[in-house]
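Participant: next input, structure requested:
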Amino acid sequence: MTCFLRFGGLCLLLGVFPSMASAELRTIKFKLAGMDCAFCNGAMDKALKKLDGVDSVELLPQKGVAEIRLKTDNRITLRDVRRIIKSTGYAPGDAEITARGRIVGDGAGTTLDLLNGSTVPIAEGAKDRIGTVVEVTGVSKVDDKNEERLTITAIK
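Facilitator: A predicted model of the protein is given here:
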């Protein structure tokens with residue numbers, strides 16, 4: 001019995017059970033036009049870093065890119081990040097993301113449940129992985145109803 005308990009504890013510590021692993025957005029990368037205003041870039045950097053769960057922010061004005069790396073177990077949503085970017089004068093477009101979550105499907109469609117209270121509807125990909133915890137890479141776009149739609153490009 002003691003051996004079984006030790007093995008079970010070890011499995012949990014090593015993350016052998018993927019459904020017990022953390023799930024959330026991991027990275028978000030936006031293309032932003034007109035990143036030539038140093039003041040605006042500084043305001044965006046500061047505002048994004050105030051979000052609880054942001055690990056780092058890298059702004060690359062010469063490429064027109066904002067890359068946000070997030071801490072494990074964060075509760076950040078794409079809506080939060082888009083709102084902050086808009087508040088600093090930029091129009092966030094499509095977002096390249098890496099995220100971990102469970103693929104959930106029902107009659108209404110397929111979503112990526114980030115297991116932190118937020119979900120991202122899936123436009124394309126992963127319908128054959130329903131019920132599985134996965135790490136995905138993809139592009140999230142805002143549709144005409146102002147909702148995120150994720151097109152998955154890779155699954156681990």
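
Participant: mind listing the helices for the chain?
Facilitator: With DSSP state H as the definition, the chain shows helices at residue ranges 2-14, 38-49, 78-87.

Participant: mean confidence for the longest one?
Facilitator: Averaged across helix 2-14, the pLDDT comes to 39.

Participant: now the end-to-end length of stretch 60-78.
Facilitator: One end of stretch 60-78 to the other measures 20 Å (C-alpha to C-alpha, to the nearest Å).

Participant: do the same with stretch 68-86
Facilitator: Taking C-alpha to C-alpha, the first and last residues of stretch 68-86 lie 15 Å apart.

Participant: pull out the buried positions in that stretch.
Facilitator: Buried residues in stretch 68-86, counted by 16 or more other C-beta atoms under 10 Å: 68, 70, 74, 76-78, 80-82, 84-85. Backbone N, C-alpha and C define where each C-beta goes, glycine included.

Participant: which residues touch that stretch?
Facilitator: The contact list for stretch 68-86 (C-beta atoms under 8 Å, 6 or more residues apart in numbering) reads 22, 24-30, 32, 44, 47-48, 51-58, 66, 92, 95, 97, 116-118, 120, 140, 142, 148.
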